[in-house]
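[1] My questions concern the predicted model and sequence given below.
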Amino acid sequence: MLLAGALLALTFPDANLEFLAWFGLVPGLVLIVRSPTAREGGIRAWWLGAGYLIAALYWLAPEVGPGVLLVAAVVGALWVPFGVAAWKLLRPPLGWPRALAALVVVPSCWLLTEWLRSWQALGGPWAVYGVSQWQHPAVLALAAVGGVWLISIALVMANVAIVLVIGSLPRLGAVLHSGPPAAGAARAPGSAALRPGLTLLGVIAGVASVGAGPLAFALTPASPAVRQVTIAMVQPGIINNTVQGVAASERLTAELGRSGVLRGVKPDLIVWGESSTAVDLTLAKNRVQLLAMEELSKEDGADLLVNQDTTVPGKGQEKVGVLISPAGIEGEYIKTRLVPFGEYIPFRQQLGWLTKISKAAAANMIPGTGAHLEYATDRTGQPLPIGALICFESAFPDMSRVDTDKGAQLIVYQSETSIFQGTWGPDQHASLGAVRAAETGRPVVQATLTGDTVAYDARGRLLAWMGQSAHGVVTVRLGLPAASARTIYDRLGDYVPWSAVGVTLLAVLVMFANSRGFPGRNAGIGGKDEAQYVAGQSVPS
């Protein structure tokens with residue numbers, strides 16, 4: 001089960017075997033269905049989830065050590081309902097009621113797990129199954145309808161449909177049995193016979209799952225662009241010295257000015273990565289640094305969004321996005337969702353010992369109060385409302401959606417992933433922007449210090465990518481929708497996971513009622529012995 005779960009991590013960057021997501025869950029489902037009991041099916045799903053998380057987050061091991069195993073062991077338990085549901089509904093002999101229920105209940109239980117582990121205290125929504133389709137705008141169209149959650153539903157439903165087809169075919173259906181029938185016992189009815197109806201149901205469900213995205217893409221066109229802006233993103237590369245890193249960012253930014261080699265590019269906004277300066281630009285003692293950035297903004301004719309990593313006396317360490325114009329600081333945003341173990345340790349009183357055996361956060365950073373807009377000014381003098389978020393916050397659908405509701409026309413992420421260079425981590429991180437773009441109907445850009453710096457249009461199509469080994473300036477021309485434009489997901493929010501909660505609760509009630517014999521499933525009368533019949537044997541007179 002650990003290996004079956006780890007297989008799913010190949011659907012994400014850097015492996016990018018995203019097609020595997022449409023059938024990669026089948027081996028795990030088959031092993032769950034072959035369990036002798038529902039309890040064993042739930043335990044196997046626990047191991048499946050643990051293997052999935054360990055493989056997807058392996059790159060965290062050098063920093064948090066055994067914290068990766070701890071998170072996998074704890075959060076993996078959330079997959080137990082998925083395992084129980086799969087065992088209850090997909091085990092032979094399959095009938096129409098259970099087959100239809102499986103197509104709804106099993107994906108809902110999977111989604112319930114993803115939604116629950118999206119709570120920040122449990123690690124946040126990293127490696128959500130639907131993100132695996134980040135390279136396919138036609139599939140991402142489902143995100144505009146129901147968020148990344150709807151993509152996950154489609155993927156799991158496709159896998160369930162394949163298992164239904166397997167169970168309906170005589171030769172393949174044998175793999176769903178945990179073993180040969182006991183001596184003298186008959187094989188489950190229908191297990192050796194072709195079930196064309198169930199085969200057709202599985203095929204229809206699979207085709208519907210795969211076709212839902214392209215259909216949504218055709219029926220939900222992107223909002224028309226009402227303006228065009230040019231965004232420049234600065235990636236200085238790996239520079240261990242903080243002062244030299246700031247100097248490198250300044251030199252690259254200066255290339256956009258009157259005397260630089262990029263002077264033909266006229267950006268409306270210049271974005272630096274997370275922790276691009278280590279001084280508090282609001283303090284008088286750092287006035288020289290602020291003046292230098294104001295001069296850069298003036299020379300390049302564009303506002304500059306930088307990011308400071310500073311310690312506030314009496315409070316603690318903060319990550320702050322600072323918008324600078326030629327006139328000074330125009331706005332600030334403090335990072336709200338912090339990285340578990342990297343920027344704070346959940347339940348530090350109990351888990352603080354991790355700092356002794358890993359590079360987990362020595363002290364908890366101070367979170368901000370929530371998302372809000374920053375207003376840059378473009379080259380024509382018009383206000384440019386941007387949702388400025390920081391690094392890990394790109395994993396949270398609700399944060400970009402809140403910025404969109406406030407009127408953001410562009411979502412900007414500032415990131416810094418240098419400690420994970422050479423791993424799948426930065427590439428996984430960069431892929432999240434595609435899903436956030438599709439969900440909100442807003443272009444998304446992400447500027448990093450060391451890669452990956454990326455840009456996506458309002459439908460999640462990749463426009464620019466500067467990888468981990470590069471440095472320089474990325475510029476991209478973006479069409480922005482009206483501030484009032486909304487996708488279905490913007491308007492309705494998390495109705496898909498809430499629906500999954502309702503489906504799961506209803507399934508639990510039905511299972512409980514069936515286990516209690518309601519509304520009457522026993523053949524006995526008045527407490528007498530029940531009649532028992534064995535297929536193929538005559539009933540004595």
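    Arrived safely, thanks for sending. Numbering: from 1, shown residues only.
[2] Now do the same contact list for Y375.
    Listed by CB atoms under 8 Å, 6 or more residues apart in numbering, the contact set of Y375 reads L323, E330, G331, P383, L384, P385, I386. For the C-beta atoms, the positions are set from N, CA and C on the backbone; glycine is no exception.
[3] Now the phi/psi pair for it, please.
    Main-chain torsions, Y375, degrees, to the nearest 10: phi -110, psi 100.
[4] what's the pLDDT at the spatially most central residue of the chain?
    The chain has V128 as the residue nearest its centroid, 3.7 Å off, counting by CA atoms, centre = their mean. For V128, the pLDDT comes out at 96.
[5] Likewise for P367?
    At P367, pLDDT is 86.
[6] pretty sure it contacts V339?
    No. The pair P367 / V339 is not scored as a contact, 10.9 Å apart, by CB atoms under 8 Å.
[7] Between the two, which has more neighbouring residues?
    Remark: of P367 and V339, V339 carries more neighbours, 22 against 17, as counted by other CB atoms under 10 Å.
[8] Format the CA atom coordinates belonging to the particular helix or strand that has W47 in it as CSV.
    Taking DSSP states H and E as the definition, W47 sits inside helix 38-56. Once non-C-alpha atoms are left out, helix 38-56 reads as follows in CSV (Å, rounded to 0.1, in the frame of the first residue of the first chain):
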residue,chain,number,x,y,z
ALA,A,38,-13.9,-3.2,6.1
ARG,A,39,-11.5,-2.5,9.0
GLU,A,40,-8.6,-3.9,7.0
GLY,A,41,-9.7,-1.9,4.0
GLY,A,42,-9.5,1.3,6.0
ILE,A,43,-6.1,0.4,7.4
ARG,A,44,-4.8,-0.2,3.9
ALA,A,45,-6.1,3.2,2.8
TRP,A,46,-4.2,4.7,5.7
TRP,A,47,-1.0,3.2,4.4
LEU,A,48,-1.9,4.3,0.9
GLY,A,49,-2.3,7.9,2.1
ALA,A,50,0.9,7.8,4.1
GLY,A,51,2.9,6.5,1.1
TYR,A,52,1.4,9.2,-1.1
LEU,A,53,2.4,12.0,1.3
ILE,A,54,5.9,10.7,2.0
ALA,A,55,6.7,10.4,-1.7
ALA,A,56,5.2,13.8,-2.6
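[9] chain center to that helix: distance?
    Offset of helix 38-56 from its chain centre (CA atoms, centre = their mean, to the nearest Å): 19 Å.
[10] what's in contact with that helix?
    1-9, 12, 28, 31-33, 35, 68-69, 71-73, 75-84, 86-88, 113, 126-127, 428.
[11] and these, which of them are in helices?
    2-7, 28, 31-33, 68-69, 71-73, 75, 80-84, 86-88, 113, 428 (DSSP state H).
[12] What subset of these is buried?
    Buried residues within the ones in helices among the contacts of helix 38-56, counting neighbours by 16 or more other CB atoms under 10 Å: 2, 4-7, 28, 31-33, 68, 71-73, 75, 80-84, 86-88, 113, 428.
[13] Which of the contacts of Y375 has the largest number of neighbours?
    Greatest neighbour count in the contacts of Y375, by other CB under 10 Å, goes to I386: 29 neighbours.
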